[in-house]
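Colleague: one predicted model, sequence on top.
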Amino acid sequence: MVGCFIPLNGRNLDLSFFVLRPTIVIVDDLLHSLKHFSSTTHTTLGCIHSSLFRSIHGNLIVWYGAWIKRSCENGRDLLNASLLPMLSNNVSSMAKVIEYGFYDAYAGQTRDGTPAAKFYAGDIVSLHALSFSSARGGEHDIINTLMNNFSYACLAIFKDRFLKMDGAKAGVCLKSERMRKVCGVLVWRSLQSCYSFILNEDYRTSVLPYLDDGSLSLDIKYDIFRVVYVSGGDNALNNPFYPPPKMIAGDQQTAAVAPEVVQDSHSSTELLSSVAKLQAIDSLSSNFSRAPLRFPILLSIFNFDPRDFRLQRS
């Protein structure tokens with residue numbers, strides 16, 4: 001079976017995400033164009049593997065691609081300069097790119113002990129992202145401190161709680177210092193497992209006060225997706241999760257770097273039998289809604305326990 005993966009660390013691969021909002025009702029042609037785009041990135045730009053996630057409750061589509069890290073400092077910018085026009089040529093009449101960029105994987109865990117979160121066409125993936133700005137301005141030291149705080153909290157909490165998350169096959173913590181974002185990706189055994197976890201976790205009163213201390217402006221987004229396409233073949237999974245050194249040390253003119261981040265936006269029969277609960281799920285995840293409930297959902301992916309961490313004022 002053809003599969004794809006997200007590494008648990010960012011030593012050898014750059015991770016690129018493009019979030020698109022369709023401007024057409026029937027998205028079959030859009031998905032076909034994005035598959036063609038994926039194929040082109042493999043043959044002309046050196047993409048290792050790529051995949052497409054389609055929102056279950058919203059109308060977003062996420063394109064994910066992994067690239068070999070390059071030694072040149074502006075490698076990601078060079079790749080973006082090639083990817084954006086190429087993507088625009090493929091989908092400009094059918095969708096808008098609402099966000100794109102690079103993430104670095106810095107932590108994660110899998111049930112099978114492999115060094116990457118594997119997924120296949122048909123799998124359920126949830127994406128959660130938190131970005132912030134400081135009320136005290138964009139001082140570099142302050143932002144770095146806040147970024148480190150969030151990253152460390154997510155790492156510690158995820159490591160402590162992942163095995164208690166019934167139904168989650170793998171999870172990866174991602175960050176983008178450039179975009180001031182921390183994100184989580186979970187691969188689920190089923191949509192029911194994902195729903196069950198979300199509906200049984202409520203951190204509105206127990207967590208938000210520990211992070212929202214008045215000095216930050218938080219923007220939290222999330223959604224639940226189905227993997228509708230993967231490329232790269234079985235070799236991407238059966239061979240190394242990280243490419244061999246000779247591939248990394250290739251000519252700088254051979255493209256291989258990536259863009260930046262993600263976002264925007266069955267539990268048992270008994271669980272799904274409640275119309276109210278289904279409506280709640282729709283309300284929660286549709287288009288990365290900005291309702292107050294967003295925050296507990298984001299923290300749920302990291303299984304946040306307020307006793308483990310309190311954001312310190314800079």
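Modeller: Happy to help now that I have it.
Colleague: from here on, just use CA atoms for contacts and neighbour counts.
Modeller: OK.
Colleague: how about the host helix or strand of Leu30: buried residues?
Modeller: Assigned by DSSP states H and E, Leu30 belongs to helix 28-40. For helix 28-40, the neighbour count (16 or more other CA atoms under 10 Å) marks 30-31, 33-35, 37-40 as buried.
Colleague: and for stretch 96-109?
Modeller: Buried residues in stretch 96-109, counted by 16+ other CA under 10 Å: 97, 99-109.
Colleague: tell me which residues touch the closest residue to Ser51 other than its chain neighbours, please.
Modeller: Among residues not flanking Ser51 along the chain, Val230 sits closest, at 4.2 Å (CA to CA, 6 or more residues apart in numbering). Residues in contact with Val230 (CA atoms under 8 Å, 6 or more residues apart in numbering) are 2-4, 49-52, 120-121.
Colleague: give me the buried entries from those.
Modeller: Neighbour counting by 16+ other CA under 10 Å classes 2-4, 49-52, 120-121 among the contacts of Val230 as buried.
Colleague: quick check, Gly3 in contact with Ala121.
Modeller: Yes - in terms of CA atoms under 8 Å, Gly3 counts as a neighbour of Ala121; the distance is 7.2 Å.
Colleague: packing partners of the strand or helix carrying Asn149?
Modeller: Per DSSP H and E: Asn149 is located in helix 140-161. For helix 140-161, the packing partners by 3 or more CA pairs under 8 Å, 6 or more residues apart in numbering; DSSP states H and E come out as strand 95-110, strand 124-134, strand 168-176, strand 181-188.
Colleague: one more time with 6 Å
Modeller: Applying 3 or more CA pairs under 6 Å, 6 or more residues apart in numbering; DSSP states H and E, one finds that helix 140-161 makes contact with no other helix or strand.
Colleague: angle of it against strand 124-134?
Modeller: Relative orientation of helix 140-161 and strand 124-134, computed by axes from the mean of the first three to the mean of the last three CA atoms, to 10 degrees: 150 degrees.
Colleague: what about helix 140-161, average pLDDT?
Modeller: In this model, helix 140-161 has an average pLDDT of 75.
Colleague: how about stretch 32-40?
Modeller: Per-residue scores along stretch 32-40 average to 96.
Colleague: which residues touch that stretch?
Modeller: Asn90 (CA atoms under 6 Å, 6 or more residues apart in numbering).
Colleague: apply 7 Å and report the result again.
Modeller: When contacts are defined by CA atoms under 7 Å, 6 or more residues apart in numbering, stretch 32-40 is touched by residues 50, 87, 90-91.
Colleague: and stretch 179-195, by the same measure?
Modeller: By CA under 7 Å, 6+ apart, the list of residues contacting stretch 179-195 from outside reads 119, 124-132, 147, 151, 167-176, 266-268, 301.
Colleague: which ChimeraX command selects the buried ones in those residues?
Modeller: Selection of buried members from the contacts of stretch 179-195 for ChimeraX, criterion 16+ other CA under 10 Å:
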select :119,124,125,126,127,128,129,130,131,132,147,151,167,168,169,170,171,172,173,174,175,176,267,301
